[in-house]
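Predicted structure and sequence below. I'll ask about it afterward.
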Amino acid sequence: MNDRNPYQAPEAPLPSAPLALDGVEVLAGRGERFGAALIDGVIALATFLPLAALTGYFSRVMDAARGGEPMPWLTMAGYAVLSFVVFLVVQGYPLAKTGQTWGKKLLWIRIADLEGGQPPLWRLIALRYLPTQLLALVPIAGNFYALVDALFIFRKDKRCLHDLIAGTQVVNVRR
């Protein structure tokens, strides 16, 4: 007798995870991705901190911390735009040429679409980096998003939330 249990969870064929290109597993490891993110973070700090010092950002923040007038929303938005422009200036060329940030380049990993090709720069910027940067600016929700985004790396396919949004994966360059 082949009676189907009406309370059983439905079964559906699942697409295979984007774990391989050309039949070889080449996904970048979690440690490599973390290392690349750290390198890119140091680069971002090294490029943005001098600009922040020159434009008076620190004095405005310190003034607000001492109970002075809080920084206007438009000024904060201007700094966010400035930091994203600096990111594009510093990381735009390697992203456009090879799908790598400088940190990814140093650790021999790159961003690829799900077929292993190089995604266009507009997709990397508009779907991978910009939404994450904008959400990070939202108080409380931005912190929650950043945590969830980072925790997604522990999925079997090692794709973070920003990878799912952009339809990308991070792969090794050396095979």
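Here it is on my side, so go on.

ok, Thr47 touching Leu88?
No. Counting by C-beta atoms under 8 Å, Leu88 is not a contact partner of Thr47; they are 11.2 Å apart. Placement of C-beta: from N, CA and C, glycine included.

where do the strands sit along this structure?
All strands of the chain, identified by DSSP state E, fall at 20-21, 24-25, 109-113, 168-172.

In JSON lines: these, plus mean pLDDT.
Below are the strands of the chain laid out as JSON lines (pLDDT from 0 to 100):
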{"stretch": "strand 20-21", "mean pLDDT": "52"}
{"stretch": "strand 24-25", "mean pLDDT": "52"}
{"stretch": "strand 109-113", "mean pLDDT": "95"}
{"stretch": "strand 168-172", "mean pLDDT": "95"}
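
Of the ones you listed, give the one that comes closest to Arg33.
Nearest to Arg33, of all those, is strand 168-172, at 5.7 Å by C-beta to C-beta.

which residues touch Gln169?
Residues near Gln169 by C-beta atoms under 8 Å, 6 or more residues apart in numbering: Pro18, Leu27, Ile111, Ala112, Asp113, Leu114, Asp157, Lys158, Arg159, Asp163.

Give me the buried subset of those.
Pro18, Leu27, Ile111, Ala112, Asp113, Leu114, Lys158, Arg159, Asp163 (16 or more other C-beta atoms under 10 Å).

So among the contacts of Gln169, where is pLDDT lowest?
Looking at the contacts of Gln169 by pLDDT, the weakest one is Pro18, with 51.

picking that back up, for the strands of the chain, give me CSV that also has distance to Asn5.
Listed next are those as CSV, based on distance: least, C-beta to C-beta, whole Å:
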stretch, distance to Asn5
strand 20-21, 35
strand 24-25, 36
strand 109-113, 40
strand 168-172, 37
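
how about the ones you listed, which one is nearest Phe144?
Short answer: strand 168-172, nearest of the strands of the chain by C-beta to C-beta, at 22.2 Å.

Tell me, how many residues neighbour the closest residue to Gly35 other than its chain neighbours?
The shortest distance from Gly35 to any residue other than its chain neighbours is 5.4 Å, reached at Leu107 (C-beta to C-beta, 6 or more residues apart in numbering). Residues lying near Leu107 (other C-beta atoms under 10 Å) number 23.
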